[in-house]
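[1] quick one: sequence plus predicted model below, questions after.
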Amino acid sequence: MNSVTNPYSPGAGSPPPELAGRDALRAQLQISLARIRLGKPAKSIVMVGLRGVGKTVLLDQIRKDAEASGIYAVRIEAPENKSLPALLAPQLLQTLLRLSRVESALHNAKRALRALAGFAKGLKVSYKDIEVGIDYEPEPGLADNGDLDVDLTALLEQVGIAAKDAKTAVVIFIDELQYVKNNQLGALISALHRCAQNGLPLTVVGAGLPQLRGMAGNAKSYTERLFDFPMIGPLNDAEAEQAIVKPARAEGVDYDREAVAAIISKTRGYPYFLQEWGKHAWDMAKQSPILMSDVEAASNTAIAALDESFFRVRFDRLTPTEKTYLRAMSDLGAGPHRSGDIAERQKRTVSSLGPVRSSLIVKGMIWSPNHGDTAFTVPLFDEFMVRILPGNDWET
Ligand SMILES: Nc1ncnc2c1ncn2[C@@H]1O[C@H](COP(=O)(O)OP(=O)(O)O)[C@@H](O)[C@H]1O
Ligand SMILES: [Mg+2]
């Protein structure tokens, strides 16, 4: 088939041609955000799931839905090495400047800008990475204490007041939320708690790896009352079929039934893999309909492409001991596995492997679905590890 019109889009954060299976959650978010805007109670949403299930593209879609309804969106992605205050400050500045152009919000948006100035100044000592040029003088005592918990609460409260004056809501979209440090996550949760108590139209929609749920619970005990953590998983068969078939049909191309079934079974419905298989099956096929044999022939190139991108970027960030740990895990199958079994496979003790396991969790490679269990955050990573480190050489 013509590669130029190939509709599929494998890639981190690449919007899919068809966002399958997420309508219910999108609709739920639209209702929650509309309620928040009216000052009515609604929980903040943090979407959790493995890598490649489509959290980022869903978060972006929800943001676009919100913006289309007149909500002011702040979008940030937490990298591993930047502080939350440093990420938030410049984005909030833009939002507040926009709000200050709404006449009814002018007064409180200006006060929020002074709060932001105090926030940046007060926290500069502890968070040296804050860089934001604000033409406003801090108001003494407003968000300038130098304590993140106190100042973030005061700042977001003031932003919420300005949003209310403008009859809108400010929604902060944060991707890769698991990389936000515990104390900063805790501060964000307390600030949201205050806004919720006061019926202010400000909330967070987050996305990240499954360990977030536990992290947020550890940061503040009342997290469960404030947040919902919907699990974003692979698509079911009907949704996966839609993700594959609909984009092709829009280009006048059909699939043989068996070909679709083969893609679903090879990808297990994981969105990233669906895009990759769709792309390669399309390129392989000579004509419509795309056949089972095209899918079979495309599997090698699809796997090679995943190995070079999706899997490889994660593998390259690992130390030799981390690689050994994950390879031992992979030897036991897809998982989750008991920490004791993984240690035994390496002829080591659980406690001696504690530091490696912790660093793999911090890097977002593994997580613990239950106490003592360890699972991959990247679907099918076990098969990749066996492909890239075949045989037994890794054991020595
Ligand atoms: N609902 C969906 N239907 C079809 N494809 C999807 C869907 N969600 C995501 N994708 C595709 O999956 C890939 C990974 O999406 P991404 O949002 O980056 O995942 P995550 O953030 O969970 O790692 C992208 O290529 C995207 O186009
Ligand atoms: Mg993502």
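    Alright, I've got the coordinates. Ligands and ions are numbered 1, 2, ... in the order given.
[2] Trp135: neighbour count?
    Rather than Trp, residue 135 is Asp. 8 (other CB atoms under 10 Å). C-betas here are computed from N, CA, C, even on glycine.
[3] and it, which helix or strand is it part of?
    If you go by DSSP states H and E, Asp135 is not part of any helix or strand.
[4] tell me the spacing between it and Ala216.
    35 Å (CB to CB, to the nearest Å).
[5] one more: Ile290?
    Taking CB to CB, one finds Ile290 at 43 Å from Ala216.
[6] please, where are all the strands along the stretch 251-396 of the chain?
    Counting by DSSP state E, counting those that start in this stretch, the segments of the stretch 251-396 of the chain that form strands are 337-338, 366-367, 373-376.
[7] ranking those by burial, who's on top?
    strand 366-367 (a mean of 25; mean count of other CB atoms under 10 Å).
[8] which residue packs closest to Arg114, ignoring adjacent ones?
    Excluding the flanking residues, the one nearest Arg114 by CB to CB, 6 or more residues apart in numbering is Glu139, at 4.4 Å.
[9] that neighbour in helix, strand or coil?
    For Glu139, the assignment made with DSSP: H, G, I helix; E, B strand; the rest coil gives coil.
[10] who are the contact partners of it?
    111, 114-115, 118 (CB atoms under 8 Å, 6 or more residues apart in numbering).
[11] am I right that Pro10 is in a helix?
    No: checked against three-state DSSP, Pro10 lies outside a helix; its state is coil.
[12] doesn't Tyr272 make contact with it?
    Yes: when contacts are counted by CB atoms under 8 Å, Pro10 is listed as touching Tyr272 (6.2 Å).
[13] next up, the contacts around the nearest residue to Glu383 once chain neighbours are set aside.
    Excluding the flanking residues, the one nearest Glu383 by CB to CB, 6+ apart is Ser330, at 7.5 Å. Each residue near Ser330 by CB under 8 Å, 6+ apart is listed here: 381-383, 385-386.
[14] who wins for neighbours among these?
    With neighbours set by other CB under 10 Å, the maximum within those is found at Phe381, which has 24 neighbours.
[15] that residue contacts Val313, doesn't it?
    No: the pair Phe381 / Val313 is not scored as a contact, 11.9 Å apart, by CB under 8 Å.
[16] can you give me the pLDDT of the closest residue to ligand 1 within the stretch 51-200 of the chain?
    Ligand 1 sits closest to Gly54 of the stretch 51-200 of the chain, with a gap of 2.3 Å, by CB to the nearest ligand atom. For Gly54, the model assigns a pLDDT of 98.
[17] confirm for me that it is in contact with Pro271.
    Yes: under the criterion of CB under 8 Å, Gly54 makes contact with Pro271 at 4.2 Å.
[18] which neighbours do those two share?
    If you check Gly54 and Pro271 against CB under 8 Å, 6+ apart, the residues they both contact are Pro16.
[19] so Pro247 sits in a strand?
    No: looking at Pro247 with three-state DSSP, it is helix, so not inside a strand.
[20] residues near it, how many?
    Counted with other CB under 10 Å, Pro247 comes out at 21.
[21] residues in contact with it?
    Shown in contact with Pro247 (CB under 8 Å, 6+ apart): 7-8, 16-18, 278.
[22] mind running it again at 7 Å?
    Counting by CB atoms under 7 Å, 6 or more residues apart in numbering, Pro247 touches 7-8, 17-18.
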